[in-house]
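Participant: would you be able to build a 3D model of this:
(chains A and B)
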Amino acid sequence: MDLYLLSPEISLLALALVVILLDLFIGRKWILGWVSIIGLIVPVIFTLSLWGRNETSFGGALAVDHFSLFFHLFFLGVAALVLLSSTEFARKFAAFRAEYYALILLAATGMMLLASTRELISIFVALELTGISLYVLTGFLKDPKSSEAGLKYLLLGAVASAVFLYGMALVFGLTGTTYLEGIAAAISAEGLLGSPALLMGIVLLVAGFGFKIAAVPFQMWVPDVYEGAPTPITAYLSVASKAAGFAVILRVFYEALGPASLDWGMIFAVLAAITMTVGNIVAIAQKNIKRMLGYSSIAMAGYLMIGLAAVTTEASSALIFFLACYALTNLGAFIAIIAISNKINSDEISDYSGMVRRAPLYALALALCLISLTGIPPTAGFMAKIYIFSAGVNAELLWLVIIAVINSVISAYYYLRVVRVMFLGEPLSKEGVHASSGLRVALSISCLGVLLLGIYPWMLLKFAETAASIFLP
Amino acid sequence: MAVGLEHFLILSAVLFAIGLYGVLAKRNAVVILMSIEIMLTAVNITMVAFSRYSHVISGQVFVIFIMVVAAAEAAVGLALIIAIYRSRKTVDAEKFDLMKW
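Facilitator: Numbers count the residues shown, from 1 in each chain, chains lettered A, B, ... in the order given. Presented below is the predicted three-dimensional model:
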């Protein structure tokens, strides 16, 4: 047992506790936000010091490999951007700032554990650590809309975790172990492949994870929760929570159900086709921009699932690359929305009319991110789609890729509609938009990232390939 | 008649179905929360039964974790219900319609 392997998670947890404790002693509360942002350097350093290791600890329950370390950095980066974009927003709940920052850090701890654990009990605990922190954050504003969103998220999330646990119980009962490695061994040793009970367990597991990544038919919570939650938390949910879901799916399905690969690839292919179609078609009718991005994130889950349906290492690395590109793009879009809606106090698309003349930089940044979400070069979204579609074609899933391309065309309609409203509409007032320095830094990082990955994706692609290489048979 | 593993599994499947029905059919948010607890109890019975009959202790350890997490979840759920009740004076899930469901 080597505690040092767990140091990124432990230091992040300690940071969350420090933020809560500091709140008791410090008068100037704005310091707390910067403490949590700067404090993130500690887990980053620990993660980098572990880089290159390939070890397991705690009897095989914890894996420190390229995959988990890649996701450590991913979640820490996302948490940093969300915290940066929250510093101004947090004035709305001045008295509870410390709890807000601490919960963001706790959720990140849960997600980091999710990416590195290889045992069902730890997966469940990490999933719930993430989930419960996010339920509270969703209801944090305490206005009727936010509490309603929080309660809906909690009730549906709890049902999903009950279903997921029932699946775990079946898998545990059949294989007699909670370790992913042991499950894989038991499946091949006892020839459980055709067993209906194991299939039932897998389906229930898919349902539980499907809730986390917002795949149809487990997506009903997404639009309401995205609309009601505080906007930085919406960004966090749409990026980090989804990525954590995909990370744990990759881990569980490749390590525990590797021998049963044909059974689950098809489940994900069908879910992917339905998810992207439903997400895109319903998004067309939306008038609220947060709700629209909610449906767009459902559609993105559909594209991402191509990487699960094609059971190859190439597809997993394309999935990881897509997650990183999508994270930067979506965070950029949401940060621009936070900046604009802080001023106009509205999330209706019609209120964004003529925004380019009121806030040229923010409108341009939002337009760039929406173009990247559509998948037009030279942006990160374009590269991401190229890689995941070609992985799909190479795995003989041509029908799925054709559906995905048609869906991308449909999605251009509603993304570019927002751009048209911003650039061609008449401004509703002449007032400009001013945002805090934290927001501006976060927005520049994500926009530069979107452009950089669109032009020079090789470095990140190499990282994604190393991360996915742990799933090589 | 000896009580075997099947009996426990059938009991837990029935309990799980009752809980799921409660979640889908009931309108009171507190009752929905209770139905979720029934579903988790069903899972616990499955885990303990499997653990007992296969002589692997980790199933019972799992149950303890599930109970602890379920308590935390219920606490957050009740807090959110109270927050809603203060502003809306109702806990009827059908009336939570500020946003389209």
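
Participant: got the buried residues for the helix of greatest length in chain B?
Facilitator: Across chain B, the longest stretch assigned as helix under DSSP state H is helix B:58-88. By neighbour count on 16 or more other C-beta atoms under 10 Å in any protein chain shown, the buried set for helix B:58-88 is B:58-59, B:62-63, B:66, B:69-70, B:73-74, B:76-77, B:79-81, B:83-84. Using the backbone N, CA and C atoms, a C-beta is placed for each residue, glycine as well.

Participant: if we check chain A, which of those residues are in contact?
Facilitator: Counting by C-beta under 8 Å from any C-beta of the partner chain, B:S58, B:G59, B:F62, B:I66, B:V69, B:E73, B:V76, B:G77, B:L80, B:I81, B:A83, B:I84 from these sit close to chain A.

Participant: from those, pick the one nearest B:S51.
Facilitator: B:S51 lies nearest to B:G59 out of these, by C-beta to C-beta, at 2.9 Å.

Participant: how about low-confidence regions in the stretch 251-400 of chain A?
Facilitator: Flagging of the stretch 251-400 of chain A using pLDDT under 70 yields the residue ranges A:259-263.

Participant: now the helices for it?
Facilitator: Ranges of helices in the stretch 251-400 of chain A, per DSSP state H, counting those that start in this stretch, are A:261-284, A:289-309, A:313-344, A:355-358, A:360-374, A:380-394, A:398-424.

Participant: could you list the low-pLDDT ranges of chain B?
Facilitator: Scanning chain B for pLDDT under 70 picks out B:99-101.

Participant: not counting its neighbours along the chain, what's nearest B:F96?
Facilitator: Spatial nearest neighbour of B:F96, excluding adjacent residues (C-beta to C-beta, 6 or more residues apart in numbering or on different chains): A:E148 at 4.9 Å.

Participant: that neighbour - how many residues pack around it?
Facilitator: 28 (other C-beta atoms under 10 Å in any protein chain shown).

Participant: which residues touch it?
Facilitator: A:D224, A:G228, B:I84, B:F96, B:L98, B:M99 (C-beta atoms under 8 Å, 6 or more residues apart in numbering or on different chains).

Participant: quick revisit: and the longest helix of chain B, what does it pack onto?
Facilitator: When contacts are defined as 3 or more C-beta pairs under 8 Å, 6 or more residues apart in numbering or on different chains; DSSP states H and E, helix B:58-88 packs onto helix A:120-138, helix A:144-175, helix B:29-54.

Participant: sorry, back to before: for chain B, find the nearest of the helices of the stretch 251-400 of chain A.
Facilitator: Of all the helices of the stretch 251-400 of chain A, helix A:289-309 sits nearest to chain B, with 8.0 Å by C-beta to the nearest C-beta.

Participant: between the contacts of A:E148, which is closest to A:G110?
Facilitator: A:G228 (21.6 Å).

Participant: settle this for me: the closest one is touching A:G150, isn't it.
Facilitator: Yes - the pair A:G228 / A:G150 is scored as a contact, 7.4 Å apart, by C-beta atoms under 8 Å.

Participant: give me the common contacts of those two.
Facilitator: A:T138.

Participant: more crowded one of the two?
Facilitator: Legend: neighbour count by other C-beta under 10 Å for A:G228 and A:G150, higher for A:G150 (30 against 27).

Participant: quick check: closest non-adjacent residue to that one.
Facilitator: A:G139 (2.4 Å).

Participant: now the end-to-end length of stretch A:301-321.
Facilitator: 14 Å (C-alpha to C-alpha, to the nearest Å).

Participant: in stretch A:271-285, what counts as buried?
Facilitator: By neighbour count with 16+ other C-beta under 10 Å, stretch A:271-285 contains the buried residues A:L271, A:A272, A:A273, A:I274, A:T275, A:M276, A:T277, A:V278, A:G279, A:N280, A:V282, A:A283.

Participant: need the residues you listed in TSV with distance to chain B, can you?
Facilitator: What follows is the buried residues of stretch A:271-285, written out as TSV (distance: C-beta to the nearest C-beta, whole Å):
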residue	distance to chain B
A:L271	21
A:A272	25
A:A273	25
A:I274	20
A:T275	19
A:M276	21
A:T277	20
A:V278	15
A:G279	16
A:N280	18
A:V282	11
A:A283	14
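
Participant: identify the residue of the stretch 301-450 of chain A closest to chain B, quick one.
Facilitator: Taking C-beta to the nearest C-beta, the stretch 301-450 of chain A has A:D347 as its residue nearest chain B, at 11.4 Å.

Participant: how about that residue, what does it touch?
Facilitator: Going by C-beta under 8 Å, 6+ apart, A:D347 touches A:E227, A:T231, A:N288, A:I289, A:K290, A:R291, A:I337, A:S341.

Participant: you'd agree the last one is up against A:T231?
Facilitator: Yes - between A:S341 and A:T231 a contact is recorded at 6.6 Å, counting by C-beta under 8 Å.

Participant: looking at these two, which one has more neighbours?
Facilitator: A:T231 (22 against 19).

Participant: pLDDT value on the more buried one, please?
Facilitator: Per-residue pLDDT puts A:T231 at 93.

Participant: burial count for the closest residue to it other than its chain neighbours?
Facilitator: Using C-beta to C-beta, 6+ apart and skipping residues adjacent in sequence, the residue nearest A:T231 is A:I338, 4.8 Å away. Per other C-beta under 10 Å, the neighbour tally for A:I338 reads 24.

Participant: distance of A:I338 from A:A215?
Facilitator: 27 Å (C-beta to C-beta, to the nearest Å).

Participant: and if you look at A:V433?
Facilitator: Counting by C-beta to C-beta, the gap from A:V433 to A:A215 is 35 Å.

Participant: swap in A:L439?
Facilitator: According to C-beta to C-beta, A:L439 stands 31 Å off from A:A215.

Participant: now A:Y135
Facilitator: 20 Å.

Participant: and if you look at A:Y352?
Facilitator: Taking C-beta to C-beta as the measure, A:Y352 falls 29 Å from A:A215.

Participant: repeat for A:L323
Facilitator: 15 Å.

Participant: these two: who's more crowded?
Facilitator: Legend: neighbour count by other C-beta under 10 Å for A:L323 and A:A215, higher for A:A215 (28 against 24).

Participant: confirm the more buried one sits in a helix?
Facilitator: No - using DSSP: H, G, I helix; E, B strand; the rest coil, the assignment for A:A215 is coil, not a helix.

Participant: ok, it touching A:L271?
Facilitator: Yes - if you go by C-beta under 8 Å, A:A215 and A:L271 touch, sitting 5.2 Å apart.

Participant: between these two, what contacts are shared?
Facilitator: With C-beta under 8 Å, 6+ apart as the test, A:A215 and A:L271 both reach A:G302, A:M305.

Participant: thinking again about what came up before, burial check on the residue nearest to A:G150, number of neighbours?
Facilitator: As a burial measure, A:G139 scores 29 neighbours (other C-beta under 10 Å).

Participant: surely it meets B:S87?
Facilitator: No - judged on C-beta under 8 Å, A:G139 makes no contact with B:S87 at a distance of 11.5 Å.
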